[in-house]
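> 3D model of this:
(2 chains, ligands or ions: 2)
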Amino acid sequence: MDALKLHYDVDGEDFSAAGEASSNVKKVLRQLGFPQEAIRRTAICMYEGEINVVIHAGGGFADVTVEPERITIVLTDHGPGIPDVEKAMSEGWSTAPTKVRELGFGAGMGLPNMKRYSDEFRIDTTVGVGTTVTMTVNVTQGQ
Amino acid sequence: MRVRDIKEILEAELLCGEELLDTEVLSACGSDLMSDVLAFVKEQSLLLTGLVNPQVVRTADMMDMRCIVFVRGKRPDEGTLALARDRGIAVMSTGLRMYSACGKLYAAGLASEV
Ligand SMILES: Nc1ncnc2c1ncn2[C@@H]1O[C@H](COP(=O)(O)OP(=O)(O)OP(=O)(O)O)[C@@H](O)[C@H]1O
Ligand SMILES: [Mg+2]
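Numbering: from 1, shown residues only, chains lettered A, B, ... in the order given. Ligands and ions are numbered 1, 2, ... in the order given. As a prediction, the model looks like this:
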């Protein structure tokens, strides 16, 4: 099959809708018959990324490319950027405000989860300009 | 253990998912931190939490979980329940606190992982 490209706007104003794009990707992958493990890893990576775009960057875009052997997720925002990526990547480090913590986020686990469950993980960020997170999940058949 | 057994053990009220009562639940996870739930990719079918917002349902959905138990008598709003119905997730509410709810299920043989 040709690569399937999906594009989503991630609304930064509506926390309750955060995750809609990830849900949709999950549904598409299931319809296409991808193995459950690959679907779940993709869902976790994208959902964590989508939530970050909403809570830390005020919204952005998600672009997903689906190929038989890999799924690529690119999350782009024009938020504040990440001043210290190494720190942001460490488990437990979070700048999430109390309001976000009360909703069950802000454990500082999102980026480590994304790195753990993707096969390739990359952050491009510039303070004051924005952040792009690119993740690839390799599809192994028969999982 | 089935969803209906969980309901009985926790003396919980089913808020949606009547048709899922006979669904088999193999393992569970109790947390109020969604990234904590998402950190564990293994098969888990039940989420116990004291948080009530739509992201709890979305988190469960990402993990292919089939049942959510809200502890401490918490009840989600109609929008959250509607989302759970749409995703085919059973939702119940128990008056028990997190520690007791998890303890009872664990004692009844429900593992934390398969
Ligand atoms: N898209 C982004 N734009 C700006 N800052 C970000 C972005 N993504 C992450 N960060 C920063 O990196 C930190 C760590 O992110 P991470 O996802 O690991 O944890 P969190 O979102 O704070 O909590 P959790 O993901 O556990 O709910 C955030 O607190 C925030 O400071
Ligand atoms: Mg996060």
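
> so the most centrally placed residue in chain A is in which element?
Most central in chain A under Cα atoms, centre = their mean is residue A:49, positioned 2.5 Å from the mean C-alpha point. Taking DSSP states H and E as the definition, one finds residue A:49 inside helix A:36-57.

> against which helices or strands is that helix packed?
Contacts defined by 3 or more Cβ pairs under 8 Å, 6 or more residues apart in numbering or on different chains; DSSP states H and E place helix A:36-57 against strand A:4-11, helix A:20-31, strand A:59-67, strand A:70-77, helix A:110-117, strand A:130-138, helix B:34-38, helix B:54-62. C-beta: built from backbone N, CA, C; applies to glycine.

> residue 26 - how many residues pack around it?
Here I'm looking at chain A. If you count neighbours by other Cβ atoms under 10 Å in any protein chain shown, residue A:26 ends up with 23.

> actually it's chain B I care about, not the one you picked
Residue B:26 has 14 neighbours, counted by other Cβ under 10 Å.

> then the one 4 residues further on?
Using other Cβ under 10 Å, residue B:30 has 21 other residues around it.

> excluding chain neighbours, what is closest to it?
Excluding its sequence neighbours, the residue lying closest to residue B:30 (Cβ to Cβ, 6 or more residues apart in numbering or on different chains) is residue B:48, at 4.0 Å.

> with residue A:127 instead?
Residue A:127 sits nearest to residue A:81 (Cβ to Cβ, 6+ apart), 4.0 Å away.

> correct me, but the residue nearest to residue B:30 touches residue B:99?
No. Under the criterion of Cβ atoms under 8 Å, residue B:48 makes no contact with residue B:99, lying 10.2 Å away.

> okay, these two: which has more neighbours?
Ranked by neighbour count (other Cβ under 10 Å), residue B:48 and residue B:99 place residue B:48 first, with 22 against 10.

> what pairs with the host helix or strand of the more buried one, parallel or antiparallel?
Using DSSP H and E, residue B:48 falls within strand B:46-49. Neighbouring strands of strand B:46-49 in its sheet, by DSSP bridges, are strand B:28-30 (parallel), strand B:67-70 (parallel).

> please work out which of these is packed deepest.
strand B:67-70 (a mean of 25; mean count of other Cβ atoms under 10 Å in any protein chain shown).

> tell me the average confidence for that one?
Taken as a whole, strand B:67-70 has an average pLDDT of 98.

> off-centre distance for it?
The chain centroid and the centroid of strand B:67-70 are separated by 2 Å under Cα atoms, centre = their mean, to the nearest Å.

> what residues does that strand touch?
Here strand B:67-70 makes contact (Cβ atoms under 8 Å, 6 or more residues apart in numbering or on different chains) with B:3, B:6, B:10, B:12, B:17, B:20, B:23, B:25, B:45-50, B:52, B:56-57, B:60, B:76, B:84, B:89-94, B:101.

> now do stretch A:90-109
With Cβ under 8 Å, 6+ apart as the test, stretch A:90-109 has contacts from A:15, A:51, A:55-56, A:87, A:112, B:32-36, B:38-39, B:49, B:51, B:53, B:55-56, B:59.

> dump the lowest-mean-pLDDT helix or strand in chain B to PDB, restricted to CA.
Every helix and strand of chain B was ranked by mean pLDDT, DSSP states H and E. The lowest is helix B:34-38, at a mean of 90. The C-alpha coordinates for helix B:34-38 follow below in PDB (Å, rounded to 0.1, in the frame of the first residue of the first chain):
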ATOM      1  CA  MET B  34      -2.400   9.100  33.800                       C
ATOM      2  CA  SER B  35       1.200   8.900  32.600                       C
ATOM      3  CA  ASP B  36       1.800   6.300  35.200                       C
ATOM      4  CA  VAL B  37      -1.000   4.200  33.700                       C
ATOM      5  CA  LEU B  38       0.500   4.800  30.200                       C
END
